[in-house]
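1. Give me a model of this one.
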Amino acid sequence: MKNELSKHELEYLDEYQKKGYCCNFLFQDGVLLETESKYAYQPEEIFIVAHHRYEGMSNPEDMSILYVIETGDEKKGTYLLGYGPSGDLEAAEFFKDIPEKNYSANADIQKLT
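-> Modelled structure (predicted):
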């Protein structure tokens with residue numbers, strides 16, 4: 001039987017870290033920066049393994065997307081993007097620019113656990 005996770009970002013982050021998605025990414029100056037190597041990734045170098053949307057229970061404007069990322073040079077990590085009225089529009093545009101072919105058809109964490 002597959003593990004059932006709550007809809008809280010921290011549980012998904014923990015589960016993905018156990019699967020080796022440990023790199024940290026930061027959106028800065030129009031690129032996705034891997035914080036350890038300082039390599040600046042362009043959208044075409046990013047592959048989305050999975051993504052999970054969240055909406056705050058007490059505040060519906062508290063919205064985010066957890067992206068599970070692999071890069072062309074085999075770095076694996078996550079990026080949590082706030083969206084909605086208080087979201088980072090520039091970062092959201094970056095993720096919209098990732099080619100559709102770079103999104104996995106299987107975006108369900110339940111199939112990874």
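
2. only C-alpha atoms for contact and neighbour calcs from this point on.
-> Fine.

3. Is the residue most central in space within the chain part of a helix or strand, or is it coil?
-> By CA atoms, centre = their mean, the chain has its centre lying nearest to Tyr67, at 1.3 Å. Under DSSP: H, G, I helix; E, B strand; the rest coil, Tyr67 falls in the strand class.

4. check contacts around it.
-> Contacts for Tyr67 (CA atoms under 8 Å, 6 or more residues apart in numbering) come out as Ile48, Val49, Ala50, His51, His52, Thr78, Tyr79, Leu80, Leu81.

5. could you check the distance from it over to Gln42?
-> Using CA to CA, to the nearest Å, one gets 15 Å for the distance from Tyr67 to Gln42.

6. May I ask which of the contacts of Tyr67 has the most neighbours?
-> Within these, Thr78 tops the neighbour count with 24 neighbours, counted by other CA atoms under 10 Å.

7. My read is that that residue contacts Cys23, right?
-> Yes: using CA atoms under 8 Å, Thr78 makes contact with Cys23 at a distance of 6.8 Å.

8. on that earlier part again, just send the contacts of Tyr67 back as CSV, with secondary structure, distance to Lys19 and pLDDT too.
-> Output for the contacts of Tyr67, formatted as CSV (DSSP: H, G, I helix; E, B strand; the rest coil; distance: CA to CA, whole Å; pLDDT from 0 to 100):
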residue, secondary structure, distance to Lys19, pLDDT
Ile48, strand, 15, 96
Val49, strand, 12, 95
Ala50, strand, 13, 92
His51, strand, 15, 89
His52, strand, 16, 86
Thr78, strand, 12, 95
Tyr79, strand, 15, 94
Leu80, strand, 17, 92
Leu81, strand, 21, 91
